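Chemist: Here you go, sequence then predicted model.
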Amino acid sequence: MPSRWSLIASLVALIAFQDVHAQTPGYFGVVTTGPGWIYTRLGNQSDVVAKTTFGVLFEGGGTDVNEAYVWMCGHANHGDFLVIRATGTADYNPYILRLCPNINSVSTLKITSRMGANQPFVRQTIMNAEALFIAGGDQSDYVRLWQRSPVSAAIDVLARRGVPIGGTSAGNAILAQYAFSALANTITSSQALDNPFDYRVTIDQNFLFLGPLLSNTITDDHFVTRDRMGRLVTFLGRISHDRAAHAPFGIALDENTAFLMEANGKGMVVGSSTVYFLRTPGRPE
């Protein structure tokens, strides 16, 4: 008859076996899975440490702008480039590696649950990155799954360390102090202007804090394509009204366009369309 200690040892061994993550190579890279996450790594399978340069890549969705990723790779200084998302595939891996052949690796970490967001592997993978990019999707997923978790905390640490951070579409929407969280679905300009207190105007605060340059700021994307000026004006008014914020600031990008902001707040626009910078003149009336 087995002893109590041998039964405990067998149970521990079983748990350890269940936590072994299968690894398989593929077009997007080597795939490793765990509870609530899928990690796909293309390029060098060993991490490097590189001195990075801080900056923020804002991208408005639609077709990705090649120059934006080349800029971000340059700020990563041949380190490890990490894409995080809640849905979708690892299709950024070969795309970025083609643009940046000297980068050490490009990986995609898909974090699909709150449990995944709290896994030590997830936090450490983010902390090892020399560039971090948040893919498009649905920003309500990011807020529900990652807010006030080791994921959001680790991204803030990267920014303080001087690692470049970026995002497109839903990923762009959560880069600043304020974010339209879309927790009650999206809202159009006409709906927001008709009723600035519509239940769909859900504005989140401090999902990330990438530094003082983005304090008191909200971002938007798909801007001209989806006629979003009215809703951004509404968001700014609500921030000023609800949070007593002084002259909140907006950065809004159309599709196929990016703003590459350096650590001093200056930057350049790349792509085929427009970026808007808005500041409210005072409290809403």
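Modeler: In hand now; what should we look at? Numbers count the residues shown, from 1 in each chain.

Chemist: State the helix or strand in which the residue nearest to residue 222 when sequence neighbours are not counted lies.
Modeler: Spatial nearest neighbour of residue 222, excluding adjacent residues (C-beta to C-beta, 6 or more residues apart in numbering): residue 61 at 4.8 Å. (Glycine included, C-beta is placed from N, CA and C.) For residue 61, there is no host helix or strand (DSSP states H and E).

Chemist: Please shift the residue numbers so they start at 538 in all later answers.
Modeler: All right, first residue 538 from here; so that's residue 598.

Chemist: What separation do you get for residue 598 and residue 673?
Modeler: Between residue 598 and residue 673 the distance is 6 Å, computed by C-beta to C-beta, to the nearest Å.

Chemist: cool, residue 696 as well?
Modeler: Residue 696 is 20 Å from residue 673, where distance means C-beta to C-beta.

Chemist: Going along the chain, name the helices of the stretch 588-737 of the chain.
Modeler: 603-613, 629-636, 651-654, 657-664, 676-683, 687-698, 707-710, 726-731 (DSSP state H, counting those that start in this stretch).

Chemist: Please identify the most buried of the ones you listed.
Modeler: helix 707-710 (a mean of 28; mean count of other C-beta atoms under 10 Å).

Chemist: Show me what that helix is packed up against.
Modeler: Packing contacts for helix 707-710, counted by 3 or more C-beta pairs under 8 Å, 6 or more residues apart in numbering; DSSP states H and E, involve strand 592-596, strand 668-671, helix 676-683, strand 754-757.

Chemist: For residue 618, find the nearest of these.
Modeler: Closest approach to residue 618 among the helices and strands packed on helix 707-710 is made by strand 668-671 (4.5 Å; C-beta to C-beta).

Chemist: Let me see the residues that make contact with that closest one.
Modeler: Strand 668-671 has contacts (C-beta atoms under 8 Å, 6 or more residues apart in numbering) with 589, 594, 609-610, 612-613, 616-622, 629, 663, 679, 692, 695, 700-705, 707-709, 711-712.

Chemist: any idea of the mean pLDDT in it?
Modeler: The average pLDDT for strand 668-671 rounds to 98.

Chemist: got it, and stretch 727-735?
Modeler: Per-residue scores along stretch 727-735 average to 96.

Chemist: what's the span of that stretch from first residue to last?
Modeler: 11 Å (C-alpha to C-alpha, to the nearest Å).

Chemist: Can you tell me what sits against it?
Modeler: 724, 737-738, 767-768, 770-772, 774-775, 778, 821.

Chemist: re the thing from before, count the residues that sit near the residue nearest to residue 759.
Modeler: Using other C-beta atoms under 10 Å, residue 598 has 23 neighbouring residues.

Chemist: Pretty sure it sits against residue 760.
Modeler: No: using C-beta atoms under 8 Å, residue 598 is not in contact with residue 760; the gap is 9.0 Å.

Chemist: joint contacts of those two?
Modeler: Joint contacts of residue 598 and residue 760 (C-beta under 8 Å, 6+ apart) are 790, 792.

Chemist: before we move on, the earlier item: do you know which of the helices and strands packed on helix 707-710 lies nearest residue 577?
Modeler: Judging the helices and strands packed on helix 707-710 by C-beta to C-beta, what sits closest to residue 577 is strand 668-671, at 14.0 Å.

Chemist: List the pairing partners of that closest one within its sheet, with orientation.
Modeler: Using DSSP bridges, strand 668-671 pairs in its sheet with strand 617-622 (parallel), strand 702-705 (parallel).

Chemist: Mean neighbour count added to those, as CSV?
Modeler: Listed next are the strands paired with strand 668-671 as CSV, based on neighbours: other C-beta atoms under 10 Å:
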stretch, mean neighbour count
strand 617-622, 25
strand 702-705, 26
